Structure formats: C-alpha cells, structure tokens
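Student: the following block contains a protein sequence and its predicted model.
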Amino acid sequence: MRKIELKVVAVSHSLSQSHGYALVLSEESGNRRLPIVIGGYEAQSIAVAFEKMSSQRPMTHDLIKNLCTEFDIKLKEVIINNLNDGIFFSKLICEQKGNTVEIDSRTSDAIAMALRFDAPIYTYEFILDQAALSIENEGERSTSYLTGITPAASNPDDITKKSTAELQELLNTYLEKEEYEKASAVRDELQRRSKSS
C-alpha cells in the first residue's frame, strides 16, 4: 500500500471527551485533515516536542528517546496503520544495527516519539477515506503551525435534528473555522444517514 505523509497542525480541547484533546494531522501533499482524540498527558507531550520546549526533568517520551539513543535505536518512521471502531492503531518502525523492527504503539505515543526523533508520520488511503476531513481552498491557509492547547467553544448545535442540507452547510462552516472535531461529528452523522438510507 502507498504511504501518505502527514504532519501535526493542531492540538485543542476535545468536545466529545471532557478530559480529552483533539490532535489534528494534515496531509503533506493534499487538503485532508485527520483528527484523533488523545489524552491530556499525550497532548502536552506532543505540544512540548512540537514547540521544541525543554523541561527540567525528562518526560516519559523524552526518557524513551534517551534510552533509544543510548542503545543506538533509531525511529525511522511512524505509520498509522489501522482504524477499528474509531480507534487508530500505529507502528513505530525502528532500526538498530541494520535490523528493522516494528513496534505496536498507541497513535498519540507514536506521534510524540516521531516529533522527538524528527521521524516522518505516514498513513494509508483507506484510513483517510474513513476518517479524514477535506479542506477546500487549501492555498489560503497556513498549515505549518500548532494552534496550542486551548479550550474550544461549546457546541450548541444538535446535529441529529438538522437536515442533510443543513449538516452539509454546518460541515463547511466548521472546516472554514478549522474546528475539526466538530466537523468530524457532522461527517460521521452524514455517513450514518447515508448508510441507513
């Protein structure tokens, strides 16, 4: 399968989980965004690595990187390789003395490690087909930034009561505002309706 490269573009509070965050990855050569719900600790670890901040004591992901460095283990790439019941699965592709090893990982941990090793992040077309959001007018947006971990506005819209046309309009609005988790919820509702009709 052809691998598609992704990059981190945002981390924000999750609307669907009170203590969760949404990690947003963007297609390197395209206009799709892949939102992934992650925990608070992982969101902090990703933000620290992305912004190249340092802490007084190593965080868990820093410790793992230090161990790998000491034992001459290189993280070559991260692959988000499966999606099952809304849960993303990933692999760390590591190399030590010419031997390649694949290690199963939670996606949030894999991204935190990829940022620390400056390793590329990949996924496959079938995952983007299932879970990505398409952004129109990509040239008008900057996509090489992290928006920070900030509270998101509450979502007053009850999408189950809206018509399909209203949902499509709402989806476009959320995409324009780069509110990817809200857009994901609308996309999922549209997909649910298309399957049941």
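Tutor: Structure received.
Student: okay, CA-based contacts and neighbour counts for the rest of this
Tutor: Fine.
Student: same for the strand or helix carrying E166, what does it pack against?
Tutor: E166 belongs to helix 164-176 when assigned by DSSP states H and E. The contact analysis (3 or more C-alpha pairs under 8 Å, 6 or more residues apart in numbering; DSSP states H and E) places helix 164-176 against helix 180-196.
Student: now the helix it packs on: buried residues?
Tutor: Within helix 180-196, the residues that qualify as buried by neighbour count (16 or more other C-alpha atoms under 10 Å) are Y180, E181, K182, A183, S184, V186, R187, E189, L190.
Student: distance from it to the middle of the chain?
Tutor: Its chain's C-alpha centre and that of helix 180-196 lie 18 Å apart, by C-alpha atoms, centre = their mean, to the nearest Å.
Student: tell me what the residue lying closest to T107 once chain neighbours are set aside is bridged to.
Tutor: Spatially, and ignoring its direct neighbours in sequence, T107 is nearest to S90 (5.2 Å; C-alpha to C-alpha, 6 or more residues apart in numbering). On the basis of DSSP bridges, S90 is bridged to I80, S105.
Student: what ranges does this protein have for its strands?
Tutor: For the chain, applying DSSP state E gives strands covering 3-13, 20-27, 32-39, 74-84, 87-96, 99-106, 121-124, 133-134.
Student: which residues touch stretch 162-179?
Tutor: Stretch 162-179 is contacted from outside by I135, I159, Y180, K182, A183, V186, R187, L190, using C-alpha atoms under 8 Å, 6 or more residues apart in numbering.
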